[in-house]
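Undergrad: Below is the sequence, then the predicted model.
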Amino acid sequence: GAVVSQHPSRVICKSGTSVKIECRSLDFQATTMFWYRQFPKQSLMLMATSNEGSKATYEQGVEKDKFLINHASLTLSTLTVTSAHPEDSSFYICSATGQGGRNEQFFGPGTRLTVL
Amino acid sequence: AQTVTQSQPEMSVQEAETVTLSCTYDTSESNYYLFWYKQPPSRQMILVIRQEAYKQQNATENRFSVNFQKAAKSFSLKISDSQLGDTAMYFCAFIFSTDKLIFGTGTRLQVFP
């Protein structure tokens, strides 16, 4: 149980285009989803927190207009990187919590974004 | 501010031996949750073990155990009988009142045959 999927696992795009990454909770309802960014050999950096049906809360320094987050249902959240540039290239990871709340986050397998 | 420190960027251990990874933190809160996550080369984050701060008993999961010293704000992970599959990045992490996971900088563990 408690499986989180991400799609796509890898994406390569041209500079200036937009890319959408999906995060799905497969066997539970995710009240809260989180989006992280991880640079090579570094830790996970929280980008934003999203609750179903409400606007995402972004961490300081994260551009809201660059990284659009939608949490339209209890099983799906999407991260759209708009007008992507090479500096947006990174590993993006989502996680989700169920109704148990703060005890554990379940992580997706991550998406590697490369912007040419 | 809440901070998490992992002072060992890299560690190595021989197969079947025991290794301890260190983690210290700073918080003024009294109730929180502590975790150790493993990130193998696949980069999938895997929960290794969790501890509730209000519990005095140290958590144990098979070959993995923690030494939680609340007063010292220390939360170390001991891996016994190390296996090649334990090779990974290990992150300690905490959930405080904000419900956000705060990660340490990670320790890269290499298990040698």
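TA: Looks like it came in fine.

Undergrad: rest of the way, CA atoms for contacts and neighbours
TA: Will do.

Undergrad: Could you list the residues of chain B in contact with chain A?
TA: By the rule C-alpha under 8 Å from any C-alpha of the partner chain, the part of chain B lying against chain A is B:33, B:43-46, B:91, B:95, B:99, B:103-106.

Undergrad: pLDDT-wise, what's the bottom of those?
TA: Lowest pLDDT within those is found at residue B:99 (79).

Undergrad: That residue and residue B:50: what is the separation?
TA: Counting by C-alpha to C-alpha, to the nearest Å, the gap from residue B:99 to residue B:50 is 15 Å.

Undergrad: More neighbours: which of these two?
TA: Here residue B:99 and residue B:50 are compared on neighbour count by other C-alpha atoms under 10 Å in any protein chain shown; more neighbours surround residue B:50, at 22 against 17.

Undergrad: Validate this expectation: the more buried one resides in a helix.
TA: No - assigned with DSSP: H, G, I helix; E, B strand; the rest coil, residue B:50 falls outside any helix and is strand.

Undergrad: What residues does it make contact with?
TA: The neighbours of residue B:50, taking C-alpha atoms under 8 Å, 6 or more residues apart in numbering or on different chains as the test, are B:33-36, B:59.

Undergrad: Closest one to chain A out of those, please.
TA: Closest to chain A out of the contacts of residue B:50 is residue B:33 (6.8 Å), distances taken as C-alpha to the nearest C-alpha.

Undergrad: which residue ranges form the strands in chain B?
TA: Read by DSSP state E, chain B holds these strands, from start to end of the chain: B:3-5, B:10-14, B:19-21, B:24-26, B:33-39, B:46-52, B:60-61, B:64-69, B:74-79, B:88-95, B:101-103, B:107-112.

Undergrad: Run through the neighbouring helices and strands of the longest one.
TA: The criterion is 3 or more C-alpha pairs under 8 Å, 6 or more residues apart in numbering or on different chains; DSSP states H and E, and the helices and strands that strand B:88-95 contacts are strand B:33-39, strand B:101-103, strand B:107-112.

Undergrad: in the last one, what's buried?
TA: By neighbour count on 16 or more other C-alpha atoms under 10 Å in any protein chain shown, the buried set for strand B:107-112 is B:107-111.

Undergrad: Which residues does stretch B:103-113 contact?
TA: Applying C-alpha under 8 Å, 6+ apart, the set of residues contacting stretch B:103-113 is A:42-45, B:3-6, B:8-15, B:21, B:23, B:82-94.

Undergrad: Restricted to buried residues, select those residues in PyMOL.
TA: Applying 16+ other C-alpha under 10 Å to these, the buried members can be selected in PyMOL as follows:
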select buried, (chain A and resi 43+44+45) or (chain B and resi 4+5+6+13+15+21+23+82+83+86+87+88+89+90+91+92+93+94)
